[in-house]
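I need the structure of the sequence given here:
(4 chains)
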Amino acid sequence: MLTVVLAPFVSALVAPWLVRRLGRWASYSLALVPGAIFVWAVLRLDSFAAGASQVIPWVPGLDVALAFRLDGLSGLFVLLISGIGTLVVLYAGGYLAGHAMLGRFFVFLMLFMGAMLGLVLADDVIALFVFWELTSLASYLLVGFQSEKPEARRAALQALLITGTGGLALLAGLILAALAGGSWRLSDLIVAGEAIRGHGLYLPAMVLIMLGSFTKSAQWPFHSWLPGAMQAPTPVSAYLHSATMVKAGVYLLARLDPAFGGTAAWTTTLLVIGGITMLAGLMLALLETDLKLILAWTTVSALGALVFLIGPATEEGARAAVAFLLTHALYKGALFMAAGNVDHEAGTRDLRNLSGLIRAMPITFAATAVSSASMAGIPLSLGWVSKAITKAAAIEAGGFLPLSVITFATLLLVAIAGMVAIEPFLGQKSEAAHEAHEAPPSMLTGPVALASLSLLFGLFPDLVSDAVLAPAASAVAGSPLAVEAKVIKPFDWTLGLTFVAFAAGAALYVLWQRRAERWRDRLDPVLSRGPDAGYDRALAGLARLASWQTRLWQPGLLHRYTAATFSVIVLVTAAALFRGDLRLAFPVDRVRLIEVVVLALTGAAAIVAALATTRLLAVTALGMVGIGVALIFMLFGAPDLAITQFMVETLVVVLLALVLVRLPGFRLSAAADRPRALHAAIAGATGLLVIVLLLGVLAEPFDPRLSEWFARASVPEAFGHNIVNVILVDFRAIDTLGEIIVVFAAALAGLAAIAARAARKDAR
Amino acid sequence: MELPLVLLIGLLTAVATWLMLSRNLIRLLLGFAVLGNAVNLSIFVAGRLTRDAPPLVPLDAETIAGAFANPLPQALVLTAIVIGFGLLAFALVLAWVAYERLGTVRTDEMRVAEPPEEKT
Amino acid sequence: MIGGWLAAFVLIAPMVSAGATTLAHATPRLQARLSLVGAFVLLAVSVALLVVVLRDGMVVLQSGNWAAPFGITFAVDNLGAVMTVIAAITGAACLTFGLGETGEAERRAWFHPLSHVLLVGVCGAFLTGDLFNLYVWFEVMLIASFGLMTVGGTKAQIDGAVKYVALNLVATLIFLLAIALIYGLTGTLNFADIARSVPAVSNVGLLTAAATLLMAAFGMKAAVFPLFFWLPAAYHTPLVSVSAVFAGLLTKVGVYALIRAFTLLFTHDPEWTHTLLLWVAGLTMVTGVLGAAAQSEMRRILSWHIISQIGYMVMGLALATPLGLIGSVFYLVHHIIVKANLFLIAGVAARLTGSMELKRIGGLYRSAPWLGVLFFIPAFSLAGFPPLSGFWAKLVLVRAALEIGSWWIAAAALVTGLLTIYSMTKIWAEAFWKPHPAGEAAARPLAEAPAAMLAPIAALAAGTVVIGLFAQPFYVVAEGAAQQLLDPASYIAAVLGGAR
Amino acid sequence: MSSLILRAGTRLLAPMMLLFSVFLLWRGHNLPGGGFIGGLVATSAIALQGIAFGPASMRRTLVFAPATIAGAGVLIATFAALPAALAGLPFFTGLWLKLDLGDGAVLPLSTPLLFDIGVYFTVIGGVCALIAALEEEPALEDQDMGG
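Numbers count the residues shown, from 1 in each chain, chains lettered A, B, ... in the order given. Now for the predicted structure:
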């Protein structure tokens, strides 16, 4: 299975090369990869029910493995991903023939394919997440493929941010689920359902995982990115936004249904969110005139329907979900490709400019018609079969409300099917239709193949019901199920209801053709406040918050920075003092006059330095402070320090003089420093804190081990009588080494700065 | 005898902080110099003060007989003094270069790297 | 013995390089060659040291043959050795890049020696086992960074340098004051000896205050909230190779010091220190990433992201669980490589399009697709996208937080990840996807960038991918480092046990 | 800055200070002094020279470029740490060679002394580099200040 997942990644790496070498044949060679995977999966149909696993260690330290598991549900997905993938690769070869960046397109597409296969096959929680995020990433690049268009860039970002938000929630949710279930394998978690549902982390894990699924599968109110993603080239829409990526969320919900399902929270949330999404999507589809957008909204609706079906966590629901999953993938893939054909060949996909295409594009029309029929659930199509299963599920789930929701959805879908299949193709030839001609074979293979399958499975549902749908439904339900799919059913009142819905839908289509324009105008102000605008508002709000807080922290004024730094450090350190009893010492024994004089003069000099307004006075006062400190060192037994301090102070004054003399006409005026009270408070607090800290230290006993050892070892072991110097050049020579490097580097740094001054001539 | 010195350190710290909060770069650097002195004295005090002999072993002896000043803080302070000097020397050069390139030593007028936002 | 001398040579190599490049500053070509050779020698030595540490355990060097705690001890555990290797990698990459970037050799004669001095300081800080010695290496690093800030000499650089210098001078003195207090309380400077003495200090409040002061000093170096001001004020101004080294290494030395201090030295009052760190971590992440969201210049965006990422590293430390520390170590390694690379890529992008300002550039997607690949890898690694290195780092940290029920820090980490995606895609959309506002020809092809600039970028990107795809060995090293960090007793025994 | 008295005084004082600095360096291991203090004294002497006779004379006194001297000092100090490797001892272990000069006088040569010499030169080179550069750079004219 690792090979299956890796194959598309490898082919992504060679895709640009293939395109350059083989030109238009590249798509055929690339299609071999998903084609082979499809064959691989078909050959393994028998083992779907039993399930097959493969575990390759990846990061054992974190218990992360490349664990794969092929069962009914993942098998169904693998078939869809590879099967539709093959058709889409061929289709893209025609759709984007001659495009300058076709190679790059295939890189992204194959990358996505690999990620998607990994996602559905992964049996490891983290591996699943890895592939999940990779699909988001690949979709970002695909949606933004026409990157010169600002709308494409916006749509790509919106898709990434919304699915990314969900992705992060999902990560947290999956980790919590793994902690609750005690394993990082999905197959273990599914078995540990009872433990998970009883765990304290169940609810947060459920909410977070749902958030991830809902964003990925475009559930209300996170759906807005999906219509936007129609900025992608049509092959992408046909692949990602119908059959694969958007179904990832549904896949995850279905996958975890045995572990998480069955609680009131799970069922209610999924029914409500799925129901809203399903109906809202259909109604919004009616308001569109862009063929692709209509399809996008029906996709949103279909995803809602799938969530709605998974919600009750019943056997009927599982059957219905997988049946509808397959149905939708087949018809929606075909419809998107057909819409792409119309766009490609007639130059527009706006319904208002399209009609009468049937002459020019008969094959496209046929594929569209069959697929639309399947979408509407007309008899003899696969849609009809899955609708029956769905209705059974609705009845089981609780009768009236679910059933009426589904019937209402049928009604709307019939009208939409009319918009998609009848409006562009029948009637008088529009201007665009005169120019149009049928799409090339590469672009017809996909829609025709998928539409044929809709028809074939509609006529002979047994072809898929046992081999594919039953194992998949079993995986969703967590126990073995059979799927009974019938074309002909005994007549009862629900069947009557369906035919009533068909009739009403047809009527709605006829009426709607006249009224639609007015409704679109009327609803526009309402819809422009929807989640899509909410996304914009959120982004703008984020930008405002960001720039506000950046101005707050980072106003570009050094004195604010220093003030904040000192304040924070003083406050936090002072607060820490209260972590224990503070003892202070006040040692004042036998103070000598000379000490007092030196101390007083040093303090006075410091104050003068602070208040000085002329350079000379400031420098002199600073020198006085330095000499005072040198004298203090002298008084307390540190001659080396005193000499060093004195010499350094001299050189500082020399440097100060050399620098200050070069700053003509400037005064050290303190007048500009406005918030004096605040600064004085900070300065006072800092001084006070240092006093308290030092007096506290002095109250503690001192451990003189080191000094005593130095005194003992200095002469016999290091052959030096000046202990300070011995410390400097021997005991702690590395300090001194670092210190001379500082002196050395200070010189170089100064030279570099002076060179920067010379750079002014040619500077920016 | 430590108390008066600690009070002086506190005073130096307060003065230095006050100077470092200034918008004038030269005053800020003066503040750094003063604060450096205060911190060096703190290390000195933290090693405990003594008026005893400096840490020099008599040339004819193996060890110091009586009490002596703690040599370790002295070595540390010596290192700190030189490092502080290196930093200050560079900072002074930088102040001069800043004045020549930016035309000011007032930090609130240095707005090249973080330009104030235009009001829109 | 071999290990000890290897540790010594980690310092000696850049020191000799610094001296030699200074002596050769009149002959730029020779200087550049010496510099590059020196950088790769350092890399070789540090890798050898890492191998020895991983094989034989901690390397303890009692310099001058003076037993701890009297002399200065170098104590190299997994963390120190790994950091040294990463520093050497960054140094080699950025110096190579610098060959392509720096032009007028005379004016920039001090670029090479100062870079090596910077590496001396960084490596010294990673190796030392002595608090005051750590201060010295911090200063070495600092003064070198001061000089490097000004190499090139634009006005913005001088302005940035003023703020950078002023605030770092404050940090320096705070650090020194903290050392004074800790020395006054424990009477010693050796890490292991301090760790041993801390429980004996009776005045806990004072000890905690000293620890907090130390935290503030290291926090300033690490640019945590609310002490990060110097970083966004300066990091976008110097030469690209310089800001890449800074971005990769400098703040991380602060994080390293925080980790060292609050796993080894001060674990006496975690209720205060580690709670404080946790809050700091969360606020650092969020303010940093919001700061990035407000910017529209590549290097300013990246600079703010340094801050937010520092938050992640501190978060792992604050959680103080094995997994948390593994996360911190992993994050450090991943981040240095990725962040240095992003700065280098920004430099190439600016060279090809003429500006760092996103409004004024674009078109790289068409003109330089391979640069797009090279950007995509570190950018999405930074955002924590799998299967790149940043994903594992984030995964470990989030899992560590969730395991002990620190919900809000996990949430902050995830939200920060999302906003990181936002600003990385901003750069991507504006610089790469968007057509260049000055027309298609304004974006130059990648071939116009010198190979010396591209080679290190490609190498670092490859490293990011390798860490991502083959995370296990890196995880094991991080795990070993975390185990050592959580076992101060063996550190103390290794240092004070008389090993010579 | 170039008064006659200063020049005459410097001519006398500077060489003495330089000699004294070497003396401080030498005796530092046993009495107050050492590489730092010696280096600082020597620097003062050379700075004095520079103030009295201008930076050119300062550079003449130094013979080599100040940055080169500082770089050499760092190298000397670094190399002082290395001989221990030959003796199989850890980094920076002090090695002593006590030359017997006869008459009981002993000339102790050691790696710590070599190290201190490195310190001495680094301090001289480093500080003089800055002072010389500052003295040589002319102040720019005021009207040019916008840059």
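
pretty sure residue A:162 is touching residue A:226, no?
No. Contact criterion Cβ atoms under 8 Å: residue A:162 and residue A:226 do not qualify, at 9.2 Å. Placement of C-beta: from N, CA and C, glycine included.

these two: which is more packed in?
residue A:226 (27 against 23; other Cβ atoms under 10 Å in any protein chain shown).

what's the local residue count around the residue in chain D that chain C sits nearest to?
Minimum separation of chain D from chain C (Cβ to the nearest Cβ) falls at residue D:71, amounting to 3.2 Å. Residue D:71 has 28 neighbours, counted by other Cβ under 10 Å.

tell me if stretch A:640-659 is near chain C.
No. Stretch A:640-659 stays out of contact with chain C when judged by Cβ under 8 Å from any Cβ of the partner chain, the minimum separation being 14.0 Å.

average pLDDT across that stretch?
For stretch A:640-659, mean pLDDT rounds to 88.

using PDB, write out every CA atom in it.
Output of stretch A:640-659 as PDB, limited to C-alpha atoms (Å, rounded to 0.1, in the frame of the first residue of the first chain):
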ATOM      1  CA  ASP A 640      44.000  45.700  40.700                       C
ATOM      2  CA  LEU A 641      40.400  46.800  40.200                       C
ATOM      3  CA  ALA A 642      41.200  50.300  41.300                       C
ATOM      4  CA  ILE A 643      44.000  50.600  38.700                       C
ATOM      5  CA  THR A 644      41.900  49.100  36.000                       C
ATOM      6  CA  GLN A 645      38.900  51.200  36.800                       C
ATOM      7  CA  PHE A 646      41.100  54.300  36.800                       C
ATOM      8  CA  MET A 647      42.700  53.500  33.500                       C
ATOM      9  CA  VAL A 648      39.500  52.600  31.900                       C
ATOM     10  CA  GLU A 649      37.800  55.700  33.100                       C
ATOM     11  CA  THR A 650      40.600  57.800  31.600                       C
ATOM     12  CA  LEU A 651      40.200  56.100  28.300                       C
ATOM     13  CA  VAL A 652      36.400  56.500  28.400                       C
ATOM     14  CA  VAL A 653      36.800  60.200  29.000                       C
ATOM     15  CA  VAL A 654      39.200  60.400  26.000                       C
ATOM     16  CA  LEU A 655      36.700  58.500  23.800                       C
ATOM     17  CA  LEU A 656      33.800  60.600  25.100                       C
ATOM     18  CA  ALA A 657      35.800  63.800  24.300                       C
ATOM     19  CA  LEU A 658      36.700  62.500  20.900                       C
ATOM     20  CA  VAL A 659      33.100  61.700  20.100                       C
END
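
starting at the chain centroid, how far to the biggest helix by length in chain D?
If you go by DSSP state H, chain D has its longest helix at helix D:111-136. Put simply, helix D:111-136 sits 4 Å off its chain's centre (Cα atoms, centre = their mean, to the nearest Å).

list the helices and strands that helix packs on?
helix A:639-660, helix A:733-758, helix B:71-102, helix D:4-27, helix D:35-53, helix D:55-62, helix D:66-79 (3 or more Cβ pairs under 8 Å, 6 or more residues apart in numbering or on different chains; DSSP states H and E).

of those, flag the one that's most buried.
When you average the neighbours per residue for each of the helices and strands packed on helix D:111-136 (mean count of other Cβ atoms under 10 Å in any protein chain shown), helix A:733-758 leads with a mean of 29.

that one vs helix A:639-660, what angle?
Relative orientation of helix A:733-758 and helix A:639-660, computed by axes from the mean of the first three to the mean of the last three Cα atoms, to 10 degrees: 10 degrees.

so is helix A:733-758 next to chain D?
Yes. Judged by Cβ under 8 Å from any Cβ, helix A:733-758 comes into contact with chain D at A:733-734, A:736-737, A:740-741, A:743-744, A:746-748, A:750-751, A:754, A:757.

near chain C, which of those residues show up?
Near chain C, by the rule Cβ under 8 Å from any Cβ, you find A:733-734, A:737, A:741, A:744, A:746, A:748, A:750-751, A:757 out of the residues of helix A:733-758 next to chain D.

next, count neighbours for the closest residue to residue A:598 other than its chain neighbours.
For residue A:598, ignoring the flanking residues on the chain, the nearest one in space by Cβ to Cβ, 6 or more residues apart in numbering or on different chains is residue A:631 at 4.8 Å. Neighbour count for residue A:631, taken as other Cβ under 10 Å: 20.

what does chain B put close to chain D?
Near chain D, when you scan chain B using Cβ under 8 Å from any Cβ, you find B:54, B:56, B:59, B:78, B:82, B:86, B:89, B:93, B:96, B:100-103.

give me the phi and psi for residue A:68.
Backbone torsions of residue A:68, given as degrees, to the nearest 10, read phi -120, psi 150.

ok, now which ones touch it?
A:1-2, A:5, A:53-55, A:121-123 (Cβ atoms under 8 Å, 6 or more residues apart in numbering or on different chains).

out of those residues, which sit inside helices?
Using DSSP H, the contacts of residue A:68 in helices are A:2, A:5, A:121.

and the gap between the second one and chain D?
In this structure, residue A:5 lies at 52 Å from chain D, with Cβ to the nearest Cβ, to the nearest Å as the measure.
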